[in-house]
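Novice: coords please:
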Amino acid sequence: PFDVTELMVRVNNLIQQRKKLKDRYRKEFLTDFESHEIPAPEDDFLVRVLDCIKKRMTESEFNVEQLGKELGFSRIQLYRKIIALTDHTPNEFIRNIRLKMAAKMFYEGHRNITRVVYTVGFNTPSYFTQCFRELYGINPSEYIKKKELTQ
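Specialist: Purely as a prediction, here's the structure:
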(Lines give C-alpha, C1' and ligand atoms only; values in the text may rest on other atoms or scores of the structure.)
Protein backbone atom coordinates (compact mmCIF):
# COMPACT_ATOMS: atom_id res chain seq x y z
CA PRO A 1 0.00 0.00 0.00
CA PHE A 2 2.05 2.94 -1.29
CA ASP A 3 1.74 5.54 -4.00
CA VAL A 4 4.13 4.83 -6.88
CA THR A 5 4.20 8.48 -7.93
CA GLU A 6 5.15 9.63 -4.44
CA LEU A 7 7.84 6.95 -4.21
CA MET A 8 9.34 8.06 -7.54
CA VAL A 9 9.34 11.70 -6.42
CA ARG A 10 11.08 10.83 -3.16
CA VAL A 11 13.69 8.66 -4.90
CA ASN A 12 14.38 11.39 -7.46
CA ASN A 13 14.72 13.97 -4.67
CA LEU A 14 17.23 11.77 -2.84
CA ILE A 15 19.24 11.28 -6.02
CA GLN A 16 19.23 15.03 -6.72
CA GLN A 17 20.35 15.81 -3.15
CA ARG A 18 23.23 13.35 -3.47
CA LYS A 19 24.27 14.89 -6.79
CA LYS A 20 24.20 18.40 -5.30
CA LEU A 21 26.29 17.24 -2.36
CA LYS A 22 28.86 15.63 -4.68
CA ASP A 23 29.00 18.74 -6.86
CA ARG A 24 29.44 20.94 -3.82
CA TYR A 25 32.37 18.91 -2.49
CA ARG A 26 33.92 18.50 -5.91
CA LYS A 27 33.90 22.29 -6.43
CA GLU A 28 34.97 22.96 -2.85
CA PHE A 29 38.11 20.89 -3.26
CA LEU A 30 39.08 22.80 -6.38
CA THR A 31 38.81 26.25 -4.75
CA ASP A 32 41.28 28.05 -2.51
CA PHE A 33 42.22 26.12 0.60
CA GLU A 34 41.55 28.96 3.01
CA SER A 35 37.88 29.19 1.97
CA HIS A 36 37.29 25.54 2.80
CA GLU A 37 34.38 25.18 5.20
CA ILE A 38 32.27 22.12 5.86
CA PRO A 39 29.07 23.15 7.67
CA ALA A 40 26.49 20.43 6.88
CA PRO A 41 25.80 17.62 9.38
CA GLU A 42 26.79 14.93 6.85
CA ASP A 43 30.24 16.47 6.90
CA ASP A 44 31.32 15.20 10.32
CA PHE A 45 32.98 12.30 8.56
CA LEU A 46 34.87 14.61 6.17
CA VAL A 47 35.98 16.83 9.04
CA ARG A 48 37.51 13.76 10.69
CA VAL A 49 39.16 12.75 7.40
CA LEU A 50 40.58 16.24 6.82
CA ASP A 51 41.88 16.49 10.38
CA CYS A 52 43.63 13.15 10.02
CA ILE A 53 45.18 14.10 6.67
CA LYS A 54 46.33 17.49 7.98
CA LYS A 55 47.86 15.87 11.05
CA ARG A 56 49.89 13.47 8.87
CA MET A 57 50.50 15.89 5.98
CA THR A 58 54.30 15.74 6.03
CA GLU A 59 54.42 11.93 6.00
CA SER A 60 54.88 10.94 2.37
CA GLU A 61 54.15 7.29 3.16
CA PHE A 62 50.73 8.15 4.65
CA ASN A 63 48.15 6.29 2.56
CA VAL A 64 44.55 5.13 2.42
CA GLU A 65 45.25 2.05 4.58
CA GLN A 66 46.62 4.20 7.39
CA LEU A 67 43.82 6.73 7.03
CA GLY A 68 41.26 3.92 7.31
CA LYS A 69 42.94 2.51 10.42
CA GLU A 70 42.98 5.89 12.14
CA LEU A 71 39.30 6.45 11.35
CA GLY A 72 38.22 2.90 12.15
CA PHE A 73 37.19 2.03 8.58
CA SER A 74 38.36 -0.70 6.26
CA ARG A 75 39.99 0.44 3.04
CA ILE A 76 36.90 -0.55 1.08
CA GLN A 77 34.48 1.21 3.45
CA LEU A 78 36.61 4.34 3.33
CA TYR A 79 36.76 4.18 -0.47
CA ARG A 80 32.98 3.86 -0.77
CA LYS A 81 32.25 6.64 1.70
CA ILE A 82 34.72 9.18 0.27
CA ILE A 83 33.77 8.52 -3.33
CA ALA A 84 30.06 8.78 -2.42
CA LEU A 85 30.58 12.18 -0.78
CA THR A 86 33.23 13.77 -2.99
CA ASP A 87 33.32 11.82 -6.26
CA HIS A 88 37.07 11.42 -5.67
CA THR A 89 38.91 8.25 -4.77
CA PRO A 90 40.62 8.40 -1.34
CA ASN A 91 44.03 8.65 -3.05
CA GLU A 92 42.84 11.57 -5.18
CA PHE A 93 41.30 13.15 -2.10
CA ILE A 94 44.54 12.93 -0.09
CA ARG A 95 46.58 14.19 -3.04
CA ASN A 96 44.21 17.12 -3.65
CA ILE A 97 44.30 18.14 0.01
CA ARG A 98 48.10 18.10 -0.14
CA LEU A 99 48.04 20.18 -3.33
CA LYS A 100 45.62 22.65 -1.80
CA MET A 101 47.89 23.00 1.22
CA ALA A 102 50.80 23.67 -1.13
CA ALA A 103 48.75 26.32 -2.95
CA LYS A 104 47.92 27.89 0.39
CA MET A 105 51.61 27.94 1.32
CA PHE A 106 52.46 29.60 -2.00
CA TYR A 107 49.68 32.12 -1.41
CA GLU A 108 51.06 32.89 2.06
CA GLY A 109 54.49 33.70 0.62
CA HIS A 110 56.47 30.46 0.50
CA ARG A 111 58.64 30.63 -2.61
CA ASN A 112 60.86 27.56 -2.23
CA ILE A 113 58.93 24.98 -4.25
CA THR A 114 61.12 22.04 -3.19
CA ARG A 115 60.61 22.79 0.50
CA VAL A 116 56.83 23.02 -0.03
CA VAL A 117 56.88 19.72 -1.97
CA TYR A 118 58.35 17.84 0.99
CA THR A 119 56.30 19.75 3.56
CA VAL A 120 53.03 18.59 2.00
CA GLY A 121 54.17 14.97 1.71
CA PHE A 122 55.29 14.51 -1.88
CA ASN A 123 58.48 12.57 -2.56
CA THR A 124 59.48 14.04 -5.90
CA PRO A 125 59.18 17.59 -7.21
CA SER A 126 58.44 16.38 -10.75
CA TYR A 127 55.41 14.34 -9.64
CA PHE A 128 54.25 17.26 -7.50
CA THR A 129 54.51 19.61 -10.49
CA GLN A 130 52.57 17.19 -12.68
CA CYS A 131 49.76 16.85 -10.11
CA PHE A 132 49.72 20.59 -9.40
CA ARG A 133 49.39 21.32 -13.11
CA GLU A 134 46.51 18.82 -13.41
CA LEU A 135 44.59 20.46 -10.54
CA TYR A 136 45.34 24.15 -11.12
CA GLY A 137 46.14 24.23 -14.83
CA ILE A 138 49.55 25.88 -14.30
CA ASN A 139 52.96 25.00 -12.86
CA PRO A 140 53.77 25.92 -9.26
CA SER A 141 56.22 28.64 -10.38
CA GLU A 142 53.53 30.18 -12.62
CA TYR A 143 51.06 29.97 -9.73
CA ILE A 144 53.49 31.83 -7.46
CA LYS A 145 54.04 34.55 -10.09
CA LYS A 146 50.30 34.88 -10.65
CA LYS A 147 49.68 35.28 -6.91
CA GLU A 148 52.47 37.87 -6.65
CA LEU A 149 50.91 39.91 -9.47
CA THR A 150 47.46 39.87 -7.83
CA GLN A 151 48.73 41.00 -4.41
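Novice: Every contact and neighbour count from this point should use C-alpha atoms.
Specialist: Fine.
Novice: Name the SS class of residue 88, please.
Specialist: Assigned with DSSP: H, G, I helix; E, B strand; the rest coil, residue 88 falls in the coil class.
Novice: For it, grab the count of nearby residues.
Specialist: Neighbourhood size, residue 88 [other C-alpha atoms under 10 Å]: 19.
Novice: now swap in the one 4 residues further on and tell me
Specialist: The tally of other residues near residue 92 (other C-alpha under 10 Å) stands at 12.
Novice: Also the one 10 residues further on?
Specialist: For residue 102, the number of neighbouring residues by other C-alpha under 10 Å comes to 25.
Novice: Tell me who's in contact with it.
Specialist: Contacts for residue 102 (C-alpha atoms under 8 Å, 6 or more residues apart in numbering) come out as 116-117, 120.
Novice: In whatever helix or strand it lives in, which residues are buried?
Specialist: For residue 102, the host element (DSSP states H and E) is helix 90-107. Under the neighbour-count criterion of 16 or more other C-alpha atoms under 10 Å, helix 90-107 has 90, 93-103, 105-107 buried.
Novice: What's the mean pLDDT across that helix?
Specialist: What helix 90-107 shows for mean pLDDT is 91.
Novice: and the helix ranked longest in the chain, what's its mean pLDDT?
Specialist: Across the chain, the longest stretch assigned as helix under DSSP state H is helix 4-28. Over the span of helix 4-28, the pLDDT mean works out to 81.
Novice: now for it, which elements pack on it?
Specialist: helix 75-86 (3 or more C-alpha pairs under 8 Å, 6 or more residues apart in numbering; DSSP states H and E).
Novice: pLDDT (mean, whole number) over the helix it packs on?
Specialist: 88.
Novice: quick one, it and helix 4-28 angle?
Specialist: 90 degrees (axes from the mean of the first three to the mean of the last three C-alpha atoms, to 10 degrees).
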